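Enquirer: Structure of the sequence below:
(2 chains)
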Amino acid sequence: MSSKILLLFVFFLLPSITAASEVHISAATSLTDAVSELVINYEQMHPDIDLQMNFAPSGTLAKQIIAGAPTDIYISANPKWMEYVQQQKMIEPNSQQILVYNNLVFVGIPNSKITSLQDLLTLRRIALASPQSAPAGKYAEQVLLAAGLYQQLSADKKLIPAKDVRQALLYADRGEVDGAFVYRSDALLAKQARILFTVPQELYPQVAYPVALTLSGSNSAGAQEFLVYLLGADAQSVFKRYGFIAP
Amino acid sequence: MLTLTSVDLQAIWLSAKVATTATLVTLPFGFALAWLLAFGRMRGKLLIDGLISLPLVLPPVVIGYLLLLLLGRQGPLGGLLKTLGIQVIFTWKGAVIACAVIGLPLMVRSIRLGMEQIDPYLIHASRTLGAGFFDTLGSLVLPLSIPSLVTGGILCFARSLGEFGATIILAGNIPGVTQTIPLSIYDYTNTPGGEAGALSLCLVSILLSYLVLIINEIIMRRSRRSVRQLS
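Expert: Okay, here's the model as predicted:
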């Protein structure tokens, strides 16, 4: 009996002993598909490295890191949360750089006659990620303010804040709203909705995804190597395929 | 410590409105379904029971998503609602529906439990003394079920106050329209520096729920006393 219990213990301990190098990656939700593919590619090339992925909104990830959750590489969907983590002295400042860029587009069911921001006033309902909690929503709000449309749309109660950018996309894809502001990388995932127009870049700050090693990551050779891979040409071509833009 | 903006106050008011409406809407359905499960003699009772209880164990986000598919513009019920001119999605009515579906199993369970406690001889006696179905229901089952109706209602109300996953999908996160307390807290926790706002609403949330539970206890004590007098 006691030998069985011992065996059980060995099984539980085994993975932590045999895993040569475990690297924990915390990445913003919008990167889920691209980073998952990169992780699979990388693990095939380096079977000795075990990459653990954690996808959540950037703010949630930042708070997890500060609370001490095991993280070696942090990829945020906006520079603010990266700054927040940096202020708490949880990341290695020298390792921080821009991984990819994204841009904002307006999606909707293809047959609509919407080709520019001014046409939005003719729509009944427009979804965006909640400007309070999601960077994509904040950018969309800035765009509408800069274009002088925000007050009108907001007064007419036409703006529908969704939980996050993917939910805004879901509403547009199912025709619950006439259109939605989403990232280009999300728009490519839609089944029915199509990009109706790209939002002019001069109306909002560039959407940057900063990446950095955490303090524990800066001591891990595996984490450093994977970061180099993420910034390399192979990985960047995968990001491009998912709608991101290389720095 | 407690700093509430006008949007926060709207969220609190909206939470109360949604939870109250959801509870009142669910009560008659909850009572009927509980009666069916407690006294009904039909095939497939187990299946009905399972179906009603599903929202209790499914992730709320699944319920929200299924309701969106069902009641959405392209959904089977959505088209019907549209021809009737009823807008559910992105309105507070959507939040009520989400809360009602999720609160229903809690309500049915507690009312059913109460009904099963009723002495079957009382019901037999009332029927043999000539009382019809509705007479027995109205003058025997209903009054004896009041404590469990109260508990069921309060459980449903409390669950509705906390509903997040289904509401945010079906009703959206629109400040002043569908943004209830949990949705507002979610927004705060995802805003850098939103801690004070989040904690204030957490405190309101705790106070409200605590108040509801205490009121439940007081009503329960009173009704237990009156039931004792009745029987």
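Enquirer: hmm, who's touching stretch A:93-101?
Expert: With CB atoms under 8 Å, 6 or more residues apart in numbering or on different chains as the test, stretch A:93-101 has contacts from A:75, A:82, A:86, A:206-213, A:217-218, A:227, A:230-231, A:236, A:239, A:244-247. C-betas here are computed from N, CA, C, even on glycine.
Enquirer: Any of those residues buried? List them.
Expert: Buried by 16 or more other CB atoms under 10 Å in any protein chain shown: A:75, A:82, A:86, A:207-213, A:217-218, A:227, A:230, A:236, A:239, A:244-245, out of these.
Enquirer: Among those residues, name the ones in helices.
Expert: Counting by DSSP state H, the part of these found in helices is A:82, A:86, A:227, A:230, A:236, A:239.
Enquirer: Show me which pair in those residues is furthest apart.
Expert: A:Gln86 and A:Gln236 (24.1 Å; CB to CB).
Enquirer: check contacts around A:Tyr171.
Expert: Neighbours of A:Tyr171 in contact, by CB under 8 Å, 6+ apart: A:127, A:160, A:162, A:177, A:180, B:172.
Enquirer: rerun that using 7 Å as the cut-off
Expert: For A:Tyr171, the contact set (CB atoms under 7 Å, 6 or more residues apart in numbering or on different chains) comprises A:127, A:160, A:162, A:177, A:180.
Enquirer: Can you say which helix or strand has B:Cys202 in it?
Expert: Per DSSP states H and E, B:Cys202 falls inside helix B:195-230.
Enquirer: name the helices or strands packed onto that helix?
Expert: helix B:6-39, helix B:142-162, helix B:181-189 (3 or more CB pairs under 7 Å, 6 or more residues apart in numbering or on different chains; DSSP states H and E).
Enquirer: Nearest to chain A: which residue in chain B?
Expert: B:Asn190 (3.3 Å; CB to the nearest CB).
Enquirer: how many other residues sit next to the residue nearest to that residue when sequence neighbours are not counted?
Expert: Using CB to CB, 6 or more residues apart in numbering or on different chains and skipping the chain neighbours, the partner closest in space to B:Asn190 is A:Ser133 (3.3 Å). When neighbours are counted by other CB atoms under 10 Å in any protein chain shown, A:Ser133 registers 23.
Enquirer: can you give me phi and psi for A:Ser133?
Expert: phi -110, psi -20 (degrees, to the nearest 10).
Enquirer: Touching, it and B:Gly194? I think so.
Expert: No - at 8.4 Å, A:Ser133 does not count as touching B:Gly194 under the criterion of CB atoms under 7 Å.
Enquirer: now the contacts of A:Tyr171 in CSV, with secondary structure and neighbour count?
Expert: CSV is the format used below for those (DSSP: H, G, I helix; E, B strand; the rest coil; neighbours: other CB atoms under 10 Å in any protein chain shown):
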residue, secondary structure, neighbour count
A:Ala127, strand, 29
A:Ile160, strand, 25
A:Ala162, strand, 30
A:Val177, coil, 29
A:Ala180, strand, 32
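Enquirer: List the contacts of stretch B:109-120.
Expert: B:30-31, B:34-35, B:37-38, B:141, B:144-145, B:147-149, B:151-152, B:155.
Enquirer: what bits of chain A have low per-residue confidence?
Expert: A:1-20, A:112 (pLDDT under 70).
Enquirer: all strands for it, in order.
Expert: Ranges of strands within chain A are A:21-28, A:49-56, A:73-75, A:97-102, A:104-108, A:126-129, A:159-162, A:179-183, A:194-198, A:207-213, based on DSSP state E.
Enquirer: picking up where we left off before, can you tell me which of the ones in helices among the buried ones among the contacts of stretch A:93-101 lies nearest to A:Glu92?
Expert: So of these, ranked by how close each gets to A:Glu92 (CB to CB), first place is A:Gln86, at 9.4 Å.
Enquirer: Look at B:Gly130 and give its secondary structure.
Expert: Recorded secondary structure, B:Gly130: coil (DSSP: H, G, I helix; E, B strand; the rest coil).
Enquirer: For B:Leu183, see how far away B:Ala166 is.
Expert: B:Ala166 sits 11 Å away from B:Leu183, taking CB to CB, to the nearest Å as the criterion.
Enquirer: Report the buried residues of stretch B:75-89.
Expert: Judged by neighbour count using 16+ other CB under 10 Å, the buried positions of stretch B:75-89 are B:75, B:78, B:81, B:88-89.
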